[in-house]
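[1] Below are the sequence and a predicted model for it; my questions follow.
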Amino acid sequence: MAGNTQTRRAFLVSLTLPLLGLAGLWRFLTPTRVPGSRRLSVPVSDVPPGGALVLPEDGVAVTRSAGGELNVLSLTCTHLGCRVNATEAGFVCPCHGSRFDHLGRVQQGPAQAPLRQVAHAQDAGVLRITV
Ligand code: FES
């Protein structure tokens, strides 16, 4: 009887580990979101003048210059892909210290390229963003 228990347990363990491995592999190989497949609608009035509306779940920030110009920037650092943080002066990367202004332009390296501009359109006071 004890031999049957050992055999059953060994069988279940040998079955469970590969299934867990397949589940992990499936999660790693399937994209959670296809870029360009989601559209956001943001009321322009939600973007503070001279400031930014940060949408961390969507990886973008909407900035508005003092003159009212709207920009939608990716929060992904162009150096090695860390998520930048919004500050009063612009955006700062916590990984290696790159700094970007409110338009996404590099102020301090090591990043060489500006933050990516995200496609958007404005319609009747609503900003439509494709992420
Ligand atoms: S990943 Fe941002 S500075 Fe290196």
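    On my side now, so go ahead.

[2] Could you use CA atoms for every contact and neighbour count after this?
    Noted.

[3] Can you get me a residue count around the closest residue in space to G125 that isn't next to it in sequence?
    Counting by CA to CA, 6 or more residues apart in numbering, G125 lies nearest to V44, which is 5.4 Å off, once chain neighbours are set aside. By other CA atoms under 10 Å, 19 other residues sit near V44.

[4] just F11 next, same as before
    By other CA under 10 Å, 11 other residues sit near F11.

[5] and what of H79?
    H79: 18 surrounding residues under other CA under 10 Å.

[6] Same question for C77.
    C77 is flanked by 27 other residues according to other CA under 10 Å.

[7] Does it touch V84 like I think?
    Yes. Because the distance of 5.9 Å satisfies CA atoms under 8 Å, C77 is recorded as touching V84.

[8] overlap in contacts of these two?
    Counting by CA atoms under 8 Å, 6 or more residues apart in numbering, the residues touching both C77 and V84 are C93.

[9] So Q122: helix, strand or coil?
    Secondary structure, DSSP: H, G, I helix; E, B strand; the rest coil: Q122 is strand.

[10] Repeat that for L80.
    coil.

[11] ok so, going back, ok, now how distant is the residue nearest to G125 from the ligand?
    Distance, V44 to the ligand, using CA to the nearest ligand atom, to the nearest Å: 28 Å.
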